[in-house]
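J.: build me a model from this:
(2 chains)
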Amino acid sequence: MALDGDEVRSAAAELLDAGAHDPLDAMRHSASHVMAAAVLELFPEARLGIGPAIRDGFYYDFELPRPLTAADLEAIEERMRAQVVADHAFERYEQDRPTALAELEAAGQPYKVEIVRDLSAEDGQVISFYRHGAFTDLCRGPHVASTGKLGPFKLLNTAGAYWRGDETRPMLQRIYGTVWETQADLDQHLWRLEEARKRDHRKLGRDLDLFSFHPESPAAPFWHPKGMALWRALEDWSWEVRRSGGFDEVRTPAVVRKELWETSGHWELYQDNMFVLDDSDHPSGLKPMNCPESMLIYKTQLRSYRDLPMRLADYSWLFRRERTGALAGMFRVRQLTQDDSHVLCRDDQVIDEVNLALTLVRRQYAPFGFEPRFKLATRPPKKLGTDEFWDAAEGKLAEALKSGEVPYEVDAGGGAFYAPKIDVFLDDALGREWQMATIQLDYQLPQRFDLEYRTADGGFERPAVLHYAIYGSFERWIGVITEHFAGAFPAWLAPVQAVVIPIADRHVAYAEEVRSALGAAGIRAEVDDRTERMQAKVRDAQQQQVPVMLVVGDRDVEARAVSPRLRTGEERQGVPLAEFVADLSSRIAARELWPVAAEESAAYRS
RNA sequence: GCCGACGUAGCUCAAUGGCAGAGCAGCGGUUUUGUAAACCGCCGGUUGUGGGUUCGAUUCCCUCCGUCGGCUCCA
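T.: Purely as a prediction, here's the structure:
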């Protein structure tokens, strides 16, 4: 079955992705012990789950007699501070397996017992524990020397979490916290959380009038004119990139009978995520992916080896019945649009086509200032196909990465069960990592659809398929870039690219003239002719993050000029209108990353 | 789906088991202004939905809907 580039983990999960070799790990892990000790003081009957260090902090899972409240978190923090003051040493000791099991049973810690039971013999028959003060925990370590060595910390929030991530197991209460070496580091981290909250695309989407969500159609965005202008700019760019890669546009139906999904495997494996309906007594499904239908287009003719590669791009609507709890603004919607690309090619063309994909990914990301990182995801433990098949497939992807001189990491075991893939990541202005595109090599779907082409010697061969979506989905991409730019989109993307601000009513006619000149150059411009003071109009345009404000008053009318003020605060007076229009439209045409306050985005990165 | 939290005017937020308030936005008027908020006035609400407790519910309880934080980090 074919997957696609939108199979992505949530943003929050990315934030929490473990930094395994972070030097702060020991401190974070120690903090989780200190927190567990505090929780046990308050709830002696608490049962402990696990408490690892994670990226930017730590957590611990507990089974507790009642839900935790914000007040509980404060009480826990207080008791943690008391332990820091007491400066208990962390002491390691070891037990053999039977003793450890017996003691944990006696202590009434069934989850710990389960962990010890599951520890494989390779880990040795000796089980290690760490003790500080009155608290002891099963633990591999390492830890800081003593509780006094903990840096400044803060407990952040609580959440439900299934024991071992398994929905059939009990749900525990997880407490998330963060700890840092210095107060400045902690402050910086909290500032970043606050900044992320401020630039939340759900808030900016409303403030900038881009889109809305309504309970009448949960998790399906309603696009407003300004949001659509942004979308159009993104889509135009994406088609330009596709055309440069030799793609043709296709479009396929949304309502499709189950027979297609049976062939593709979705009916069996993906039906839970599909909107299923009866189309005149024919069981059907709204399409969650485009790939199977592209296969049908391929099959409308007997293809020749000369026809390949065949590059098809389909940007139609997709529908996915996501679990309600997984929905999150634009990051996870139920109706979405991918910039979806399918390349059908001969096996000997795979490397070149992967290379093309890598080139297009980098090309499409460039005007956003993103430098993508690549991971080659290799065969998972449970897989289809022989080792020879995997060696060849992984070899081709690696070869393409190397020949393109693309640095990459290997995500061992991260591939789909039927083929390896290349995952594309980017870091946003707040340093958050997002998985965007996935370039997926697929021999499975051509087989399911029995695709063939005529070879030079008159035989038949099966083509390979390459799937990728570069933005992933427009919806999610808009969510990501809205947060990345904090709503201050580069001029080429900005829904309103310029606002003309007449100082007094007598300047409105000239302002309209300026707007026409901008409009004739294809620039999205408006006149703010409200009876407000110029200062108020400037302020409103600033808050709407309009890249360019053109103030026009007597002097400008006189000189047929404009006085541009950029969103960054930069100001000029009396620029000839024609000169300004030419300058702005060339920046837009070149999709410059402009105007951007360099020091601002640098500050976010630090 | 599960755990927890939340839902008051378009937005941000108050308040109380006893007449639901403010700022901003909107509307009307005055002001005609040179780079981040002029001034005056007016309008604005079935307190998400349905039910229960109560003399009385926005407040307490339950249902449903929606939203948010999580649920993959393995001692």
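
J.: where does chain A dip in pLDDT?
T.: Counting by pLDDT under 70, chain A shows low-confidence ranges at A:1-23, A:120-125, A:597-606.

J.: angles on the backbone of whichever residue of it sits closest to RNA strand B, please.
T.: The nearest approach of chain A to RNA strand B comes at A:Gly325, 1.7 Å away (CB to the nearest atom of the strand). Bear in mind the C-beta positions are built from the backbone N, C-alpha and C, glycine included. Main-chain dihedrals, A:Gly325, degrees, to the nearest 10: phi -70, psi -10.

J.: can you name every helix or strand that whatever helix or strand A:Ala398 lives in contacts?
T.: Secondary structure assignment for A:Ala398, by DSSP states H and E: helix A:387-403. Applying 3 or more CB pairs under 8 Å, 6 or more residues apart in numbering; DSSP states H and E, one finds that helix A:387-403 contacts helix A:350-365, strand A:373-377, strand A:421-427, strand A:433-442.

J.: direction included, what does the third one pair up with?
T.: To tie it back to what came earlier, the one meant is strand A:421-427. The pairing partners recorded for strand A:421-427 under DSSP bridges are strand A:373-377 (antiparallel), strand A:433-442 (antiparallel).

J.: what residues of the last one count as buried?
T.: By neighbour count, with 16 or more other CB atoms under 10 Å as the criterion, the buried positions of strand A:433-442 are A:Trp434, A:Gln435, A:Met436, A:Ala437, A:Thr438, A:Ile439, A:Gln440, A:Leu441, A:Asp442.

J.: by how many degrees do it and helix A:350-365 diverge?
T.: Counting by axes from the mean of the first three to the mean of the last three CA atoms, to 10 degrees, strand A:433-442 lies at 150 degrees to helix A:350-365.

J.: distance to A:Ala106 added to the helices and strands packed on helix A:387-403, as JSON lines?
T.: JSON lines is the format used below for these (distance: least, CB to CB, whole Å):
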{"stretch": "helix A:350-365", "distance to A:Ala106": "57"}
{"stretch": "strand A:373-377", "distance to A:Ala106": "44"}
{"stretch": "strand A:421-427", "distance to A:Ala106": "46"}
{"stretch": "strand A:433-442", "distance to A:Ala106": "43"}
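
J.: out of the ones you listed, which is the most enclosed?
T.: The highest average neighbour count among those, using mean count of other CB atoms under 10 Å, belongs to strand A:433-442 at a mean of 24.

J.: and the next element down the chain from that strand?
T.: In N-to-C order, the element after strand A:433-442 by DSSP H and E is helix A:444-448.

J.: and the stretch 451-600 of chain A, which residues reach RNA strand B?
T.: A:503-506, A:531-536, A:538-539, A:542-543, A:549, A:551-556, A:563, A:565, A:569, A:571, A:573-574 (CB under 7 Å from any atom of the strand).

J.: would you mark the buried spots in the longest helix along chain A?
T.: As assigned by DSSP state H, the longest helix anywhere in chain A is helix A:225-244. For helix A:225-244, the neighbour count (16+ other CB under 10 Å) marks A:Lys226, A:Gly227, A:Ala229, A:Leu230, A:Trp231, A:Ala233, A:Leu234, A:Glu235, A:Trp237, A:Ser238, A:Val241, A:Arg242 as buried.

J.: please apply the same query to stretch A:559-570.
T.: Those would be A:Ala561, A:Val562, A:Ser563, A:Pro564, A:Arg565, A:Leu566, A:Arg567, for stretch A:559-570 by 16+ other CB under 10 Å.

J.: the residue nearest in space to the middle of chain A and A:Val424, how far apart?
T.: By CA atoms, centre = their mean, chain A has its centre lying nearest to A:Trp434, at 3.7 Å. Distance of A:Trp434 to A:Val424, given as CB to CB, to the nearest Å: 9 Å.

J.: what sits closest to A:Asp73 if chain neighbours are left out?
T.: Just so we're on the same page, residue A:73 is Leu rather than Asp. Spatial nearest neighbour of A:Leu73, chain neighbours left out: A:Leu155 (4.7 Å); criterion: CB to CB, 6 or more residues apart in numbering.

J.: residues contacting A:Gly459?
T.: Listed by CB atoms under 8 Å, 6 or more residues apart in numbering, the contact set of A:Gly459 is empty.

J.: before we move on, what about A:Gly414?
T.: With CB under 8 Å, 6+ apart as the criterion, the residues that contact A:Gly414 are A:Lys375, A:Ala377, A:Thr378, A:Pro380, A:Lys421, A:Asp423.

J.: returning to that earlier point: who does the residue nearest to the centre of chain A bridge with?
T.: Judged by DSSP bridges, the bridge partners of A:Trp434 are A:Leu426.

J.: do I have it right that it meets A:Tyr471?
T.: No: A:Trp434 is not in contact with A:Tyr471 according to CB atoms under 8 Å; the separation is 11.3 Å.

J.: tell me how far the spatially closest residue to A:Leu401 that is not a sequence neighbour lies from A:Asp281.
T.: Spatial nearest neighbour of A:Leu401, excluding adjacent residues (CB to CB, 6+ apart): A:Tyr408 at 4.9 Å. Plainly put, A:Tyr408 is 50 Å away from A:Asp281 if you go by CB to CB.

J.: between those two, which is the more surrounded one?
T.: When neighbours are counted by other CB atoms under 10 Å, A:Tyr408 and A:Asp281 differ, and A:Tyr408 comes out ahead with 19 against 6.

J.: which residues does the more buried one bridge with?
T.: Residues in a beta bridge with A:Tyr408, per DSSP bridges, are A:Phe374.

J.: how distant is the helix or strand hosting A:Pro98 from the center of its chain?
T.: Assigned by DSSP H and E, A:Pro98 belongs to helix A:97-106. Taking CA atoms, centre = their mean, to the nearest Å, the mean C-alpha location of helix A:97-106 is offset from the chain mean by 43 Å.

J.: which helices and strands sit right next to it?
T.: So helix A:97-106, by 3+ CB pairs under 8 Å, 6+ apart, packs with helix A:110-118, strand A:126-132.

J.: got the CA positions of the last one in PDB?
T.: Output of strand A:126-132 as PDB, limited to C-alpha atoms (Å, rounded to 0.1, in the frame of the first residue of the first chain):
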ATOM      1  CA  VAL A 126      21.900  -7.800  37.800                       C
ATOM      2  CA  ILE A 127      19.400  -5.000  38.200                       C
ATOM      3  CA  SER A 128      20.500  -1.500  39.100                       C
ATOM      4  CA  PHE A 129      18.700   0.900  41.400                       C
ATOM      5  CA  TYR A 130      19.300   4.500  42.300                       C
ATOM      6  CA  ARG A 131      18.500   5.900  45.700                       C
ATOM      7  CA  HIS A 132      18.400   9.400  46.900                       C
END
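
J.: which helices and strands does whichever helix or strand comes after it pack with?
T.: For strand A:126-132, the succeeding helix or strand toward the C-terminus, using DSSP H and E, is strand A:135-138. For strand A:135-138, the helices and strands in contact under the criterion 3+ CB pairs under 8 Å, 6+ apart are helix A:25-42, helix A:110-118, strand A:126-132.

J.: cool, thanks, signing off.
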